[in-house]
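[1] from the sequence below, what's the structure:
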Amino acid sequence: MFKTINETDKFRYDDCVINEMIIDSVGISMSVDALIVKGDNSQNSNYTDSYAGTSQIEMKGASIIKIVKDGYKVYDANDVLIKEIPDEEMDINSEKWNIKFAGQYLTGIRRSDEETVFEIEMNDEEGFGVGDSFSVYIKCGDISICWEKYMNRVSY
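    Residues are numbered from 1 along each chain as shown. Purely as a prediction, here's the structure:
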């Protein structure tokens, strides 16, 4: 088994899919597929970017601070702003977020001293492109990421 602690910047999240998200009194955990272990990760002896098998992301004692539906801007072909949709803070209790985020894409994890932000992109239900994206602000200590085996090297 491979395990890292607080090395979220040593992974790539290009195609990372959330299989399951659990939010409970223990903390927050996720099962993900297609997580890419960067060559400079402490657990990567191949020194090349490689896919990890199904991985577990765990944050004991973690809690969600806020969830923000990310805003966006639309421009025409002449780079003139057509419309702007601002960020919208969501009610944390309005939905079962763990169920809503299952099957969606984890596109990044940003850490700072104050908070950790999980970037989640939703599938476009109509099939016309990118769906909504959310920034999930979490208060947590350590983040551990574990996986059993390596899959293929990443092709560029």
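[2] just name the shakiest helix or strand of this structure by mean pLDDT.
    strand 150-153 (a mean of 88; mean pLDDT, DSSP states H and E).
[3] mind exporting that one as CSV, just the C-alpha atoms?
    C-alpha atoms of strand 150-153 as CSV (Å, rounded to 0.1, in the frame of the first residue of the first chain):
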residue,chain,number,x,y,z
TYR,A,150,0.0,1.8,-9.8
MET,A,151,-1.7,1.6,-13.2
ASN,A,152,-0.3,2.9,-16.5
ARG,A,153,2.1,5.7,-17.0
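[4] output the contacting helices and strands for that strand.
    strand 50-52 (3 or more C-beta pairs under 8 Å, 6 or more residues apart in numbering; DSSP states H and E). The C-beta positions use only the backbone N, C-alpha and C, and glycine is treated the same way.
[5] paired strands for whichever helix or strand comes after the strand it packs on, with orientation please.
    Taking DSSP states H and E as the definition, the helix or strand that follows strand 50-52 towards the C-terminus is strand 55-60. Strand pairing for strand 55-60, using DSSP bridges, gives strand 27-33 (antiparallel), strand 144-147 (antiparallel).
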